[in-house]
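Novice: From the sequence below, what's the structure:
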Amino acid sequence: MKIEDVKKICVLGAGLMGNGIAHVCAQAGFQVSMRDIEDRFVDNGMAMINKNLSREVKKGKITQDQMNEILGRIHGTTDMKEALNGVDVIIEAIIENRDLKCKVYSEIDQICDPNVIFASNTSSISITDMASATKRPDKFIGMHFFNPVPIMRLVEIIKGYETSDETYRLIDQLSKKLGKETVLVNEAPGFAVNRLLLPFLLEAVFTIQEGVASVEDLDKAITLGLNHPMGPLTLLDFVGLDTTLFIADYMHSEFQDSKYRAPTLLRKMVRAKHFGRKSGIGFYDYSKTPPEPRLFR
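Specialist: A predicted model of the protein is given here:
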């Protein structure tokens, strides 16, 4: 398959990452089906795309007519067969759970044409492992976008053990057509970015757990001292504490290295369903305007 043959893309998942991926695919001119398991998730995803495009209209980046055209290229559905009908590339962006992902891949592998490319937006799970749930490991690849997808320029492309060079070239060209810069990563747990980022984020939680600094002061220290666009605790709330814990446990299991050991505080917060922005509370309380840093003693 060549890049000019790609006309329709299916995005599995309408959450934060899924709707962002659907947004940039439609904006690049592709027909997009965005599938999730419940209508409310699909509706929320479409509402977020509408909100983000409206912001671009207000800033003068696109016209209202262009926004309408982009929205017209996106079809939301809960029906898997409908979503997969006529697609050339599938980008999976469901919950970061290895067993669930493999179950979905095994299901869609039986429905899709053998030439359809499977790309996972996983931030840590083995591409080779997920590809083994299908009969097309040569057409299986990692395509890791960053949040927020319409703004962040990077896509990590991860080759599994059997990913073909043809599949890599197609996904590299597709990423660039979406307006992204790419880096190629040979498979390893956490790939490149999260392998470096995760110990930094976990150490920030240990710093709070040990009472070394307050949430506000630690974020301030990093933004002003290292010139980061946001502090590590703000970033954790943005990514999701539950997602971070899953990645930490996965990488600790893979590497058997203490630098990926999750702090007790992180585990407690996830058990309390304090996931960050998506739950309304994490290291900051998002019921306040502006969000207020929480006190940990």
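Novice: so Pro199 sits in a helix?
Specialist: Yes - inclusion of Pro199 in a helix is indicated when DSSP: H, G, I helix; E, B strand; the rest coil is applied.
Novice: Got the confidence number for it?
Specialist: Here the pLDDT value assigned to Pro199 is 97.
Novice: show me the residues around it that make contact.
Specialist: Lys259, Tyr260 (Cβ atoms under 8 Å, 6 or more residues apart in numbering). The C-beta positions use only the backbone N, C-alpha and C, and glycine is treated the same way.
Novice: Look up how far Tyr260 lies from it.
Specialist: 7 Å (Cβ to Cβ, to the nearest Å).
Novice: go on, Ile117?
Specialist: 31 Å.
Novice: Neighbour count for those two, which is higher?
Specialist: Ile117 (26 against 21; other Cβ atoms under 10 Å).
Novice: Any idea what the more buried one is bridged to?
Specialist: Bridge pairing for Ile117 (DSSP bridges) gives the partners Val89.
Novice: Please name the residues that touch it.
Specialist: Neighbours of Ile117 in contact, by Cβ under 8 Å, 6+ apart: Met1, Asp88, Val89, Ile90, Lys139, Phe140, Ile141, Thr167, Leu170, Ile171.
Novice: Got a ChimeraX select line for the buried ones in those residues?
Specialist: Selecting only the buried entries of the contacts of Ile117 in ChimeraX, with 16 or more other Cβ atoms under 10 Å as the criterion:
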select :88,89,90,139,140,141,167,170,171
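Novice: The contacts of Ile117 in strands, which ones?
Specialist: Val89, Ile90, Phe140, Ile141 (DSSP state E).
Novice: Surely the first one touches Ile9?
Specialist: Think Val89. Yes - here Val89 lies in contact with Ile9, judged by Cβ atoms under 8 Å, at a distance of 5.0 Å.
Novice: Could I get the contacting residues of Ile158?
Specialist: With Cβ under 8 Å, 6+ apart, Ile158 has these contacts: Ile127, Ile141, Gly142, Met143, His144, Val185, Asn186, Glu187, Phe191.
Novice: Turn the residues you listed into CSV, columns for distance to Leu224, pLDDT and secondary structure.
Specialist: Listed next are those as CSV, based on distance: Cβ to Cβ, whole Å; pLDDT from 0 to 100; DSSP: H, G, I helix; E, B strand; the rest coil:
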residue, distance to Leu224, pLDDT, secondary structure
Ile127, 38, 96, helix
Ile141, 39, 98, strand
Gly142, 34, 97, strand
Met143, 34, 98, strand
His144, 29, 97, strand
Val185, 31, 94, strand
Asn186, 36, 89, strand
Glu187, 36, 88, coil
Phe191, 29, 92, coil
